[in-house]
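Novice: I would like the atomic coordinates for the input below:
(chains A and B)
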Amino acid sequence: MKRDLYDKIADYIVENQNQFYRLAFSYVQNQEDALDAVQNSVCRALEHCGQIRNEEAVKTWFYRILVNESLKILKERKKIAGNSGEMEDLPYEEKGFEIQDDLYSHINRLDAVTQEIIKLRFFEELSLKEIAQITELNLNTVKAKLYRGLKLLKVEIQEVEI
Amino acid sequence: MRSMEEAKRKYDEIAIPDELSERVQREIGRMNGRRKILAFRRRVQHGTAAAAAVAVLFTAALNTSTAFAEGAGKLPVIGPVARVLTFRSYETEEDDLKISVEIPTIEMISEDMNGLEQSVNEEILNLCQQYAQEAKTRAEEYRKAFLDTGGTKEEWAAHNIEIRVWYEVKSQTDEYLSLAIMGTENWSSAYSETRYYNFDLKQGKLVTLEDILGEHYREIADESIRSQMEENGGNYWDDFTGITEETPFYLNEAGNPVIVFEKYEIAPGSEGQQEFEINRQKES
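Specialist: The predicted structure is shown next:
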């Protein structure tokens, strides 16, 4: 039984690794950190696969691990930048890039939870129910945060399908 | 006008580095390895019970298999009253770990040993199995440490790790039987073990040094050992304190006791195991 689950998780990870990488990259914004985030998540998931009760939960469970690992890397990076006395400039705001005025980069400036909800909903195309499980929020909170986020981004709500 | 579609397109364009699948595979492989070790540990914990079950099986084989009985007949017959049989022998090789075990048993033809043979045989069996089991655990721990610190499976295989448990008949006469049982691990001499059994076949008991050398056996043996040390000018520690009733020995063909000191016991390890033959005094 357990062995099957372990193999299933491993298969699931291998099948969806590109998606995981993109989501991690959307947080950390560079290849090395995104690879680290994915690798750490794989390690964590396989180590704790005994905690999973039902197989359907694998997907949402893994996304939660992945988002946590990505945020952890971001936090560490901020700490290092803070320690070395540098300005708190976030890398994606560096000059030299083309002016990042598109929606994609605006999403990254939202608070962590709203950001996560929007990315999972529109990029990973998960259902609101799944997102509620991943973020451990109730469904109505997820909806409220999503609307507020879209408003901030000035996205026409009619344009998107929620 | 901001479009979510456009943002999604941008997201999907994030390039996937070649390294990704390699890193994911590596991580899965690493965790697989760790799982196997955990599974092995669990198996070892249940190993004792498995060994006991095998022992029962082989006892039955001794009595029922004609092939076994014929084979046994060809083994050295020790005097007219006893012989040494290979009670159980097996070889296994798993995870590049070779184990070969040969467990002897003593069979008395005259049956007046007061159950001595039975208790000794049981002791020998336990000794051999325990050694093989412990050596296997040590080898697995070594293997794990080796792989965890960056060694590859190929490098490990090249170590040719081998565990051996076997025996040697040191001497055999009408009066006594002297047997050595040895266990070694080829990667480390720290756990090598030798146990000697000397049987007095006439009286049906295990022989002590006192039986052979008389009540002053310590003085006799110590004196002989000291003079032999001086004679051969070997490289010994300065603090030889003499033998005890526990000091191991075997009987050689001449019937003299040979006292054995393990490596490191009285001399540097490079000198190896030390043996001293003590001449039996004619008058005793």
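Novice: Now B:Glu91: which helix or strand?
Specialist: Assigned by DSSP states H and E, B:Glu91 falls within strand B:82-94.
Novice: and that strand, which strands flank it?
Specialist: Within its sheet, strand B:82-94 is paired with strand B:77-78 (antiparallel), strand B:97-108 (antiparallel), according to DSSP bridges.
Novice: can you tell me which residues contact A:Glu69?
Specialist: For A:Glu69, the contacting residues are A:Ala24, A:Ala37, A:Val38, A:Asn40, A:Ser41, A:Arg44, by Cβ atoms under 8 Å, 6 or more residues apart in numbering or on different chains. (Glycine included, C-beta is placed from N, CA and C.)
Novice: in a strand, that's where it is, yeah?
Specialist: No: secondary structure of A:Glu69 (DSSP: H, G, I helix; E, B strand; the rest coil): helix, not part of a strand.
Novice: Find me the pLDDT at it, would you?
Specialist: The predicted structure scores A:Glu69 at 91 on the pLDDT scale.
Novice: if I look at it, how far off is chain B?
Specialist: When Cβ to the nearest Cβ, to the nearest Å is the yardstick, A:Glu69 and chain B sit 12 Å from each other.
Novice: Show me how the record splits the chain into domains.
Specialist: Unless you meant another one, I'm taking chain A. Each domain of chain A is listed here as a residue range: A:1-85, A:99-157, per automatic domain parsing.
Novice: wrong chain, I was asking about chain B
Specialist: Chain B resolves into domains spanning B:26-207, B:208-284 when parsed by automatic domain parsing.
Novice: before we move on, back to that, of the domains of chain A, which approaches B:Asn232 most closely?
Specialist: Closest approach to B:Asn232 among the domains of chain A (Cβ to Cβ): domain A:1-85, 59.7 Å.
Novice: circling back to that earlier point, JSON lines for the domains of chain A, including distance to B:Glu230?
Specialist: Formatted as JSON lines, the entries for these read as follows, by distance: least, Cβ to Cβ, whole Å:
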{"stretch": "domain A:1-85", "distance to B:Glu230": "63"}
{"stretch": "domain A:99-157", "distance to B:Glu230": "82"}
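Novice: nearest to B:Glu27, of the ones you listed?
Specialist: Scanning the domains of chain A with Cβ to Cβ as the criterion, the closest one proves to be domain A:1-85, at 4.3 Å.
Novice: Disregarding residues adjacent in the polypeptide, which is nearest to the most centrally placed residue in chain A?
Specialist: Using Cα atoms, centre = their mean, the residue of chain A that lies closest to the mean C-alpha position is A:Val67, 3.9 Å off. Closest residue to A:Val67 in three dimensions, ignoring its sequence neighbours and counting by Cβ to Cβ, 6 or more residues apart in numbering or on different chains: A:Glu116, at 5.6 Å.
Novice: now A:Ile131
Specialist: A:Leu120 (4.9 Å).
Novice: Might you enumerate the residues of chain A proximal to chain B?
Specialist: By Cβ under 8 Å from any Cβ of the partner chain, the residues of chain A that approach chain B are A:6, A:10, A:13-14, A:17-18, A:21-22, A:25-26, A:31, A:35, A:38-39, A:42-43, A:46-47, A:102-104, A:106-107, A:119, A:122-123, A:153-155, A:159-160.
Novice: These in helices, which ones?
Specialist: Secondary-structure check on these using DSSP state H: residues within helices are A:6, A:10, A:13-14, A:17-18, A:21-22, A:25-26, A:31, A:35, A:38-39, A:42-43, A:46-47, A:103-104, A:106-107.
Novice: Drop anything exposed from these.
Specialist: Listed as buried from these are A:6, A:10, A:13, A:17, A:21-22, A:25-26, A:31, A:35, A:38-39, A:42-43, A:46, A:103-104, A:106-107; burial here means 16 or more other Cβ atoms under 10 Å in any protein chain shown.
Novice: quick one, what contacts B:Pro268?
Specialist: Contacts of B:Pro268 were listed using Cβ under 8 Å, 6+ apart, and they are B:Asn235, B:Trp237.
Novice: From B:Gln274, how far out is it?
Specialist: 11 Å (Cβ to Cβ, to the nearest Å).
Novice: What of B:Asp96?
Specialist: With Cβ to Cβ as the criterion, B:Asp96 and B:Gln274 are 34 Å apart.
Novice: for B:Gly242, same thing?
Specialist: Taking Cβ to Cβ as the measure, B:Gly242 falls 14 Å from B:Gln274.
Novice: Repeat that for B:Ser227.
Specialist: In terms of Cβ to Cβ, B:Ser227 sits 14 Å off from B:Gln274.
Novice: More neighbours: those two, which one.
Specialist: Neighbours were tallied for B:Ser227 and for B:Gln274 using other Cβ atoms under 10 Å in any protein chain shown; the higher tally belongs to B:Gln274 (19 against 11).
Novice: which residue sits closest to the more buried one, ignoring its sequence neighbours?
Specialist: Residue nearest to B:Gln274 in three dimensions, not counting chain neighbours: B:Phe261, with 4.3 Å by Cβ to Cβ, 6+ apart.
Novice: Is that neighbour in contact with B:Phe249, as I believe?
Specialist: No: using Cβ atoms under 8 Å as the test, B:Phe261 is too far from B:Phe249 to be in contact (10.1 Å).
Novice: Between those two, tell me which one has more neighbours.
Specialist: Neighbour count, other Cβ under 10 Å: between B:Phe261 and B:Phe249, B:Phe249 has more, with 25 against 20.
Novice: how about that one, what does it touch?
Specialist: Neighbours of B:Phe249 in contact, by Cβ under 8 Å, 6+ apart: B:Tyr196, B:Asn198, B:Leu209, B:Pro257, B:Val258, B:Ile259, B:Val260.
Novice: Recalculate using a threshold of 10 Å.
Specialist: Contact partners of B:Phe249, counting by Cβ atoms under 10 Å, 6 or more residues apart in numbering or on different chains, are B:170, B:178, B:196, B:198, B:207-209, B:212-213, B:221, B:243, B:256-260, B:275-278.
Novice: Specify the local secondary structure of B:Ser192.
Specialist: With three-state DSSP as the basis, B:Ser192 sits in strand.
Novice: isn't it right up against B:Ile181?
Specialist: No: under the criterion of Cβ atoms under 10 Å, B:Ser192 is not in contact with B:Ile181, lying 11.8 Å apart.
Novice: Report the set of residues contacting both of the two.
Specialist: Jointly contacting B:Ser192 and B:Ile181 under the rule Cβ under 10 Å, 6+ apart are B:Tyr131.
Novice: Just want to know which of these two has more residues nearby.
Specialist: Each of B:Ser192 and B:Ile181 had its neighbours counted (other Cβ under 10 Å), and the higher figure belongs to B:Ile181 (21 against 17).
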